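In: what follows is a protein structure lacking sequence information:
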């Protein structure tokens, strides 16, 4: 199976602790590397994860609270310093450009950074031949979005024996893997199902952080293979969660269940929890296939 | 002896490593806390040093390379988040205001930050009843200064026995400790030397980072009790040191010797050194009383 993995680099929340780094995740999709959020110290976390971060080409920032973006200047400067061969694109809210550009213009050593501001809403902000990334509008104290990484439909598998038997030329094979029938020189149509076996289902990873629990999120992440959802508080602090626009572990579990995802990771833990097991138990009561995020954890999507 | 200590929070250089944090130091002068430089992750280093950083009131930034200032937004935001009772003053080069203020205005939670830009040169930028801090102009790729923390002349010790014998009233004692003679009601003058013993000498700490080795620095730090001097490279990389406007360990030792300081700490190590002992040996050959900086090291001035 082609690689599609998520590595947690930080799963703490606004108030820093020595137990957790602030929000950041590395997505490895078929050896292309994407960074989601970039709290202070993310470049160190990337080093700890043995990531050669000069391979990063796209960085997605969910919102402009410091625990999700204050690591940008350091990471980008270091990429400049170590000679990035190419350009890095930072997808972020519009206001972020004027916050970070002056800092980088001042001291980042000739790094080619393209700021790609997105507007709040549901948009495809990245696309290549095998992947799309779209934003999901969330409800937080600042404009904030989630990111859904969707693998495009994958190619069907050519049955080589049948292809030889029907004398399919090499130039036709790509179209057939994409689902086309094969028309022989004499006009005979060989149906695709005869020449191929089905593709593996395409995979989806959804990152939802810093939000009130939202019904609208459920439809956006329905059927995802992996959902990361923030779970800042236990349910006994639901009023505090509401006041600060965050989600409880129970709510995160409920969303995972209602969206019918395959697996849930909870994170963005409040600094008050010196032991996150109760958060895990609470989410599991709603959705058993839940994992606790921790720095360095890598999960296959 | 009243406290005057320096704690190294970071002694790496521009390219981050997992061995060293970027530049930052905590100065504790009679339980007043001062921060010098604030590389990325300084707030975590302060936590590791068990520093309640809400007690910080003055932050001194030597120059605007990221490894000396990218930790500012995170530290100040956290201070805002945890409810700083008062105001924090950030002393920094003029250009720093427009680089950092927008970021803090956007997301720091009501923290009262005063930016106190200093101009390049030799100026007293902080003064209270017992301490001054002055800038020392350095030569780096950006405008950069060192900081000299000078304890003001301390009070002479009153000889209580002699004070009683000469019937010195309580209200006169402060002036006598400051060096005044005592004039009795009958006009007799009791010379200060009879009533007091000498004060302890006042202490000086000098922080010199990111610079070519400078003759001008020697006179600025003459006789300092403790000198921190950058020593990014070994002498065999002297051309590289010159090209990047840095100092070698040998040069740092020579400056310490020529300035007649009591103790030297070297730091700001290039990421290429996985073992700093050769840097220490090289500096010690010039100035034996040299220490290697390391994160968490606390030294009395």
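Out: Right, received. Where do you want to start? Worth saying up front: this structure is predicted, and the values here are computed from it rather than measured.
In: next up, the contacts around residue A:249.
Out: Applying CB atoms under 8 Å, 6 or more residues apart in numbering or on different chains, we find residue A:249 in contact with A:231, A:233, A:234, A:235, A:266, A:278, A:279, A:280, A:282, A:283. (C-beta placed from N, C-alpha, C; glycine too.)
In: no no, residue A:138
Out: By CB under 8 Å, 6+ apart, residue A:138 lies in contact with A:62, A:144, A:145, A:146, A:208, A:209, A:210, A:211, A:212, A:214, A:217.
In: dump those into CSV; add pLDDT as well.
Out: Shown next, in CSV, are the contacts of residue A:138 (pLDDT from 0 to 100):
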residue, pLDDT
A:62, 98
A:144, 97
A:145, 98
A:146, 98
A:208, 98
A:209, 93
A:210, 96
A:211, 97
A:212, 97
A:214, 97
A:217, 96
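In: out of those residues, which end up buried?
Out: By neighbour count, with 16 or more other CB atoms under 10 Å in any protein chain shown, those hold A:62, A:144, A:145, A:146, A:208, A:209, A:210, A:211, A:214, A:217 as buried.
In: tell me the two of the residues you listed that are most distant?
Out: A:62 and A:214 (14.0 Å; CB to CB).
In: name the SS class of the residue with the largest distance to the centre of chain A, please.
Out: Most distant from the centre of chain A: residue A:186, at 48.4 Å, with distances by CA atoms, centre = their mean. Assigned with DSSP: H, G, I helix; E, B strand; the rest coil, residue A:186 falls in the coil class.
In: what of residue A:103?
Out: Residue A:103 ends up helix, using three-state DSSP.
In: how many residues are close by it?
Out: 24 (other CB atoms under 10 Å in any protein chain shown).
In: show me what contacts it?
Out: A:73, B:99, B:100, B:103 are the contacts of residue A:103 under CB under 8 Å, 6+ apart.
In: how about 6 Å then?
Out: Counting by CB atoms under 6 Å, 6 or more residues apart in numbering or on different chains, residue A:103 touches A:73, B:99.
In: okay, it: pLDDT?
Out: On the pLDDT scale, residue A:103 is placed at 89.
In: equivalent analysis for residue A:79, please.
Out: Reported pLDDT for residue A:79: 89.
In: in what helix or strand does it lie?
Out: Take DSSP states H and E as the rule and residue A:79 turns out to sit in helix A:72-81.
In: for chain A, what spans make up the helices?
Out: A:42-48, A:66-69, A:72-81, A:95-107, A:160-165, A:173-177, A:192-195, A:215-221, A:238-243, A:249-259, A:277-286 (DSSP state H).
In: buried residues in the first one?
Out: Counting neighbours by 16+ other CB under 10 Å, one finds that the buried residues in helix A:42-48 are A:42, A:43, A:44, A:45, A:46.
In: same check, this time on the last one
Out: Residues of helix A:277-286 classed as buried by neighbour count (16+ other CB under 10 Å): A:279, A:280, A:282, A:283, A:284, A:286.
In: list of residues touching stretch A:153-160?
Out: A:173, A:177, A:195, A:196, A:197, A:199, A:200, A:202.
In: neighbour-wise, which of the residues you listed leads?
Out: residue A:195 (25 neighbours).
In: that residue contacts residue A:164, correct?
Out: No. Counting by CB atoms under 6 Å, residue A:195 sits too far from residue A:164 to count as a contact (10.5 Å).
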